[in-house]
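S.K.: I'd like to go over a predicted model; first the sequence, then the structure.
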Amino acid sequence: MNFFMIFSKVSVIFLLILVGFALTRTHIISQKSRSDLTNMLLYAFLPCALIKAFQVPFNKLNFISGLKIALIMTLVYTSATVIAWYLAKFFTKDLQKRDIFTIGMVLPNVTFMGYPVIESVLGPEYLFYIVMAVIPFEIIAWSLMSNIVIKNGNNPPTVSVFKRLITSPPIIGITLSVILHVLPFQLPDVVATTIDHLAGAMTPVAMIIVGMSLASTNIKHLVMNPYLYLASAIKLLVFPGLLLVILKALGLSGPTLIIPVALLAMPTAGYTTIIASKYGSDATFAAEFISLCTLLSLLTIPIIVSLL
């Protein structure tokens, strides 16, 4: 794939981020509205995007490929977590920051960036496979990753891991999507059209939320931390590059190669801040990590995707 073509498409995504950043810094919208926008995205736009991605005729080969992608991503997340956990020990002695480094180097921004970037660069036909890849992401994020943060956090959870999973909006959306996908009928036109409109709002709203997050961080402070650059390089280049080499060596191609590598090349997930805040860890440091990683990904995403 051509680097400059990919760069131009990714640049559109980053211009949307800039809109959110500018609107927040000029006080046209406030940080208080970020929570409402996030809830709107998680509980309306994202589930509709998931359902839309599955509103295609059932294809056994595509479904099997999706299951392979889910298995690959499960192995990738668990392996990357072990590597990141050891590397984080060399970055800082602060236990909470170590936890943030660990989950930040592993979790990709599937929800806010994976969907819009891959749809823009690769096309909407790949969204079906992203949905399959979201399943292990959600399970890992709300079990393994949250437990890493809980260990040194100040706010222990009040509900079980299982309840955290089944009440997660993406898991609910995925469940509905799969049910509708295997049923022998299509949604009525009026319902499908409504879902299409709501799904179409996900990309701009998601990017504006990312821009609002960037606007809330101390830019000067985050650009002066060399370990953030190192961790970001591992997240954005080393992990996806290594995965690309391994999957090609195994003879994989098509969606089973492209989707895992492209998703792993996304910047650090907003879940990092959400999990840090929820369980009393260093949420400010998490926001700095996400912000720098997101800025750097403008260059690294085209590099990785152009190799696919």
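M.R.: Nice, I can see it. Numbering: from 1, shown residues only.
S.K.: Ranking helices and strands of this structure by mean pLDDT, which lands last?
M.R.: Counting by mean pLDDT, DSSP states H and E, the chain has its least confident helix or strand at helix 161-166, which shows a mean of 71.
S.K.: Next secondary structure after that helix?
M.R.: The helix or strand immediately downstream of helix 161-166 is helix 169-182, counting by DSSP states H and E.
S.K.: For the very next helix or strand once past that following helix, which residues meet the burial criterion?
M.R.: Next along the chain after helix 169-182, taking DSSP H and E as the criterion, comes helix 189-200. Within helix 189-200, the residues that qualify as buried by neighbour count (16 or more other CB atoms under 10 Å) are I195, L198, A199. From N, CA and C alone the C-beta is placed, and that goes for glycine too.
S.K.: swap in stretch 97-106?
M.R.: By 16+ other CB under 10 Å, the buried positions in stretch 97-106 come out as K97, R98, D99, I100, F101, T102, I103, G104, M105, V106.
S.K.: Now do the helix ranked longest in the chain: distance to the chain's middle.
M.R.: The single longest helix within the chain, with elements called by DSSP state H, is helix 60-91. On the basis of CA atoms, centre = their mean, to the nearest Å, helix 60-91 sits 13 Å off its chain's mean C-alpha point.
S.K.: which helices and strands does the helix or strand where L127 lies pack with?
M.R.: Counting by DSSP H and E, the element that carries L127 is helix 127-140. Contact partners of helix 127-140 among helices and strands, from 3 or more CB pairs under 8 Å, 6 or more residues apart in numbering; DSSP states H and E: helix 46-54, helix 60-91, helix 115-122, helix 169-182, helix 255-264.
S.K.: now the shortest one and helix 127-140, what's the angle there?
M.R.: So the one you mean is helix 115-122. 150 degrees (axes from the mean of the first three to the mean of the last three CA atoms, to 10 degrees).
S.K.: before we move on, back to that, any idea which of the buried residues of stretch 97-106 is closest to P136?
M.R.: Comparing the buried residues of stretch 97-106 against P136 with CB to CB places V106 closest, at 11.8 Å.
S.K.: what about V261, neighbour count?
M.R.: 26 (other CB atoms under 10 Å).
S.K.: what residues are up against it?
M.R.: Each residue near V261 by CB atoms under 8 Å, 6 or more residues apart in numbering is listed here: P240, L243, L244, L247, I304, L308.
S.K.: What residue, apart from its backbone neighbours, is nearest the fourth one spatially?
M.R.: Pointing back at L247 there. Computed as CB to CB, 6 or more residues apart in numbering, the closest residue to L247 that is not its neighbour in sequence is L257, at 5.0 Å.
S.K.: do the same with the third one
M.R.: When the adjacent residues along the chain are set aside, L244 lies closest to V261, with 4.8 Å between them (CB to CB, 6+ apart).
S.K.: separation between that neighbour and L292?
M.R.: To L292, V261 is 22 Å away according to CB to CB, to the nearest Å.
S.K.: do T203 as well
M.R.: Taken as CB to CB, the span from T203 to L292 is 22 Å.
S.K.: One more: A199?
M.R.: A199 is 30 Å from L292, by CB to CB.
S.K.: Then Y86?
M.R.: With CB to CB as the criterion, Y86 and L292 are 22 Å apart.
S.K.: Those two: which has the busier surroundings?
M.R.: It is L292, of Y86 and L292, that has more neighbours when counted by other CB under 10 Å, with 22 against 10.
S.K.: Which strand or helix spans the more buried one?
M.R.: According to DSSP H and E, L292 maps onto helix 283-306.
S.K.: which of the residues in that helix are buried?
M.R.: Neighbour counts over helix 283-306 (16+ other CB under 10 Å) mark 283-297, 300-305 as buried.
S.K.: By neighbour count, which of the contacts of V261 wins?
M.R.: Busiest of the contacts of V261 [other CB under 10 Å] is P240, holding 26 neighbours.
S.K.: circling back to that earlier point, could you check the angle the helix holding L292 makes with helix 255-264?
M.R.: 140 degrees.
S.K.: for helix 283-306, the distance to its chain's centre please.
M.R.: 11 Å.
S.K.: could you dump that helix to CSV, C-alpha only?
M.R.: As requested, the backbone C-alpha atoms of helix 283-306 are provided in CSV (Å, rounded to 0.1, in the frame of the first residue of the first chain):
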residue,chain,number,x,y,z
ALA,A,283,-4.8,8.7,35.3
THR,A,284,-2.9,11.9,34.5
PHE,A,285,0.2,9.9,33.4
ALA,A,286,-2.2,7.6,31.4
ALA,A,287,-3.6,10.6,29.6
GLU,A,288,0.0,11.8,28.8
PHE,A,289,0.9,8.4,27.4
ILE,A,290,-2.2,8.3,25.2
SER,A,291,-1.7,11.9,24.0
LEU,A,292,1.9,11.4,22.9
CYS,A,293,1.2,8.0,21.4
THR,A,294,-1.8,9.4,19.4
LEU,A,295,0.3,12.3,18.0
LEU,A,296,3.1,10.0,16.9
SER,A,297,0.8,7.6,15.3
LEU,A,298,0.1,10.1,12.5
LEU,A,299,3.4,9.0,11.1
THR,A,300,3.7,5.4,12.4
ILE,A,301,0.3,4.2,11.2
PRO,A,302,1.1,4.9,7.5
ILE,A,303,4.5,3.2,7.9
ILE,A,304,3.0,0.0,9.3
VAL,A,305,0.0,-0.2,7.0
SER,A,306,2.1,0.5,3.9
